[in-house]
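A.B. asks: One predicted model, sequence on top.
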Amino acid sequence: MAKRNALVIVANRLPVDQITAEDGTQSWQRSPGGLVTALEPVVAKHGGTWVGWAGSTGMAPAPFTLDNLSLHPVPLTAQDITEYYEGFSNGTLWPLYHDAAATPKYHRRWWDRYVEVNHRFAQAAADVAAEGAVVWVQDYQLQLVPAILRKRRPDLRIGFFLHIPFPPVELFSQLPSRTQLLEGLLGADLLGFQHPDGAHNFLRLANYLCGYETDRTGVIVDDRRVRAEAFPISIDFAQIDKLAQDPNVLARAAQIREELGNPRQVILGVDRLDYIKGIEKRLKAFRELLDDGDISVGDTVLVQVATPSRERVEHYQELREEIEREVGRINGEFSELGTPAVHYLRQSYDIAELAALYRAADVMLVTPLRDGMNLVAKEYVSARPDLGGTLVLSEFTGASSELTGAFLVNPYDIDGMKRIIIQALRTDPTEGKARMSAMRERVAHHDVTMWAAEFLTALHEQTRPPEPLPGPLVPLASAQDVWVVCDYDGTLSPFVDDPTRALPAPGAYSALMELASLPHTQVALATGRPAAVVRGLLGLTPDDPVSVLGMHGFEIDASLGEPLSLTDEQQKLREQVRAHTITTLEDLGVPFVQRPLEEKDGAVVYVEDKPNSVAVHVRRLDPAQRENVLMAISNGPALHEGLAVTPGDMVLEMAVTQVSKGDAMNLLRKNAPDAHFLVLGDDVTDIDAFATLQSEDVAVIVDRRLPDMLTAARRGTLRPAVAERLTPLAIAHLSAAVTVPDPAAAVALLKRFASARAQELEK
Ligand code: ADQ
């Protein structure tokens, strides 16, 4: 039985290589790489294990430890490598996720093998993870692992990080196994992407292809929220910065320039030999610059280092041939005896040699067609403590959002790229230093340790056990019949400038539906807005079992009672009030609109015509103007006889009927005389609902406005229109209320209540 650990990293490859000495003895050596460097301190601290393939096919070596890293090899057969790794991972997903830079291939047997191998990795992780452990799954080869793992080990806290871009809907939708992949990822608690675009694409797809409710940063899956956000990866800045000042590295940098024939300028490219890196287009631009006479051999030299990669995959073989042909062509046409135009090195180097190359280069070319991040760009910047050198960077890399001091290029635009290369070669040293300094600042502060810490902290937050249900709600969870009644604005939806965009807090819809689906549990919304508007904002369909009482109870669902309508007199009054409001605003010279506010509207008043009222919204005005307008309306149109005037949050409502949320509550109680009520609200009009509560009922107040009003009432500083609503009963319920800070917390409370009640009802 393997030792169980509190932290498990799952990646396709273990961070080690097996080396064979001259005498044939074999040993393990840690492979260099940012991921190990980033995770090593975390793994060491938590006693973690790394699960992955050890690099040779057949039987996996037994679990072992190297440099404090506990390693758990997963076996892969030659056929697994062909179908799961070279096939589905690198023949299908890799090109597709990189803008289809090569044509993705779809083979059902590749997919089948991918599923099988993902099961194997998930099982290995399940075997080594301790109860409640954090499991952090890495990259596109293992996208099904989170869901498989969650099924086997629901106790685990699962994170996933994608190192490559996550494609937009139009591309991802090509995948025959698209929903399975999304569902696989959704097994995680936290999904990390290199760039906000990746997270955004994922959220759109989870909604579009799987039908899940999503918001800006997450997806609601059953009773869980999966968070999806950008966590841009970085490098060990300090290590490379230090290395780049090492006398041996500096001497080697000088030697490199000498070996190159002491050209005036050195241009460098360092890439894995991959078609996404845009090496061919870069070579083409360089050839044309030589051809045009903008640069000359001997004066400017290009060094292109390319690490061999995925050499058995067809696209990669073609690419290599193409690049080598182009290098041969350039050198054939332009080299002089002993002075090649391009130095092409298809080799791997250690980090010290790379640091020397970085220091020797005047211009670094990083021009991928698409790249999740691109660490080479960050390494180059870290290797320039002298603030020398300039970086030419493709705008299609994740790094381009951070390295704003780079010269950005569109690698598909060869002429543009040529212009930018010349600009980079001719950069004034003062400007070059300023650019380099800004980029170094960024990488120094966002290094790989910070990346890992931010991801793991977010995962811990995301999976923190829920707080217990507040005491007053406990008896309600087991009550025979319960009605949950919620206000909308300010209670389930944060206040925004534009009321038409007052979207619900994440998870609000599913919380309401969860409650409404429980036996003996009814849900209603009591809002000052028209019912249809709130239904639209929440996405409630007529089939959803939630009642909506609009206009403070003037609009009622047919299932609850007879609809109300205005008398001729009330209709006339409403018209008069509206006309009076408009002349008042005209007299004040304050601009106003009579249709829902739009983003382009500036500081205007919105005069809302509601079925039984006129509401004046002043949110867009500056505070002094707001007061003026509210005063003028209160002392003018609001004085018409027969009006019920309600001051809300930056709105004044003048209703021609006397219906209040108290009436709405009474109607509900008439329908269910024995039910207990849980009522959530945040504003003045909710006081009327709270005032109808009985002793077993519970009030939940959201935000500070109502508690502040209570304080003001005690001090006698409350406006009379509000003070008169605060009956002794209302004060008693408000004082005993459970309070939550904001709509997000209100939604979380509803969810907790729903699951507690579900458990009680099952007993
Ligand atoms: P890669 O596609 O491999 O990584 P990149 O981010 O540039 O791309 O990392 C390459 C690494 O290999 C760098 O650390 C570099 O120093 C090293 N390297 C390159 N050529 C080398 C050579 N000849 N010898 C030795 N080392 C060499 C994937 C994604 C990226 C993402 C990373 C990390 O494609 O977008 O930045 O993962 O998340």
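C.D. replies: Received, thanks.
A.B. asks: Got the confidence number for Met1?
C.D. replies: According to the prediction, Met1 has pLDDT 47.
A.B. asks: for Leu69, same thing?
C.D. replies: On the pLDDT scale, Leu69 gets 83.
A.B. asks: Which phi and psi values does it adopt?
C.D. replies: Taking degrees, to the nearest 10, you get phi -100, psi 120 for the backbone angles of Leu69.
A.B. asks: contacting residues around it?
C.D. replies: Listed by Cβ atoms under 8 Å, 6 or more residues apart in numbering, the contact set of Leu69 reads Pro15, Val16, Arg30, Val36, Glu40, Val43, Trp50. The way it works is simple: take the backbone N, C-alpha and C, and place the C-beta from them, glycine included.
A.B. asks: List the residues that contact the third one.
C.D. replies: Same thing as Arg30. Counting by Cβ under 8 Å, 6+ apart, Arg30 touches Pro15, Val16, Val36, Leu66, Asp67, Leu69.
A.B. asks: Tell me the one among those nearest to the ligand.
C.D. replies: Nearest to the ligand out of the contacts of Arg30 is Val36 (Cβ to the nearest ligand atom; 11.4 Å).
A.B. asks: Correct me if wrong: the closest one contacts Arg13.
C.D. replies: No: using Cβ atoms under 8 Å, Val36 is not in contact with Arg13, being 10.5 Å away.
A.B. asks: Based on its surroundings, how many neighbours for the residue nearest to Asn666 when sequence neighbours are not counted?
C.D. replies: In this structure, Asn666 finds its nearest non-sequential neighbour in Thr692, 6.1 Å apart by Cβ to Cβ, 6 or more residues apart in numbering. Using other Cβ atoms under 10 Å, Thr692 has 22 neighbouring residues.
A.B. asks: Could you check the pLDDT of the residue most central in space within the chain?
C.D. replies: Centroid check for the chain by Cα atoms, centre = their mean gives Glu229 as the closest residue, at 2.3 Å. Looking at Glu229, its pLDDT stands at 95.
A.B. asks: which is the next helix or strand following the helix or strand containing it?
C.D. replies: Remark: Glu229 resides in strand 224-230, with elements defined by DSSP states H and E. Downstream of strand 224-230, the first helix or strand assigned by DSSP H and E is helix 237-243.
A.B. asks: where does His460 land in three-state SS?
C.D. replies: Look at His460: counting by DSSP: H, G, I helix; E, B strand; the rest coil, its state is helix.
A.B. asks: Tell me how far it lies from Leu35.
C.D. replies: 20 Å (Cβ to Cβ, to the nearest Å).
A.B. asks: Up against the ligand, what does the stretch 201-350 of the chain have?
C.D. replies: Within reach of the ligand by Cβ under 6 Å from any ligand atom, the stretch 201-350 of the chain has these residues: Ile233, Val270, Asp271, Arg272, Val305, Thr307, Gln347, Ser348, Tyr349.
A.B. asks: So what pairs up with the fourth one in the strands?
C.D. replies: Taking DSSP bridges, one obtains Thr307 as the residues bridged to Arg272.
A.B. asks: wait, doesn't it sit right on Ala306?
C.D. replies: Yes: look at Arg272 against Ala306 with Cβ under 8 Å: they come within range, at 7.3 Å.
A.B. asks: what about this structure, any weak spots by pLDDT?
C.D. replies: Within the chain, the stretches with pLDDT under 70 are 1-3, 32-34, 37, 41, 44, 46.
A.B. asks: cutoff 80 now
C.D. replies: Scanning the chain for pLDDT under 80 picks out 1-3, 31-47, 68, 223, 465-466, 496-501, 506, 599, 649, 721.
A.B. asks: residues from it in reach of the ligand?
C.D. replies: Taking Cβ under 6 Å from any ligand atom as the contact definition, the chain meets the ligand at 163-164, 233, 270-272, 305, 307, 347-349, 354, 371-376, 379.
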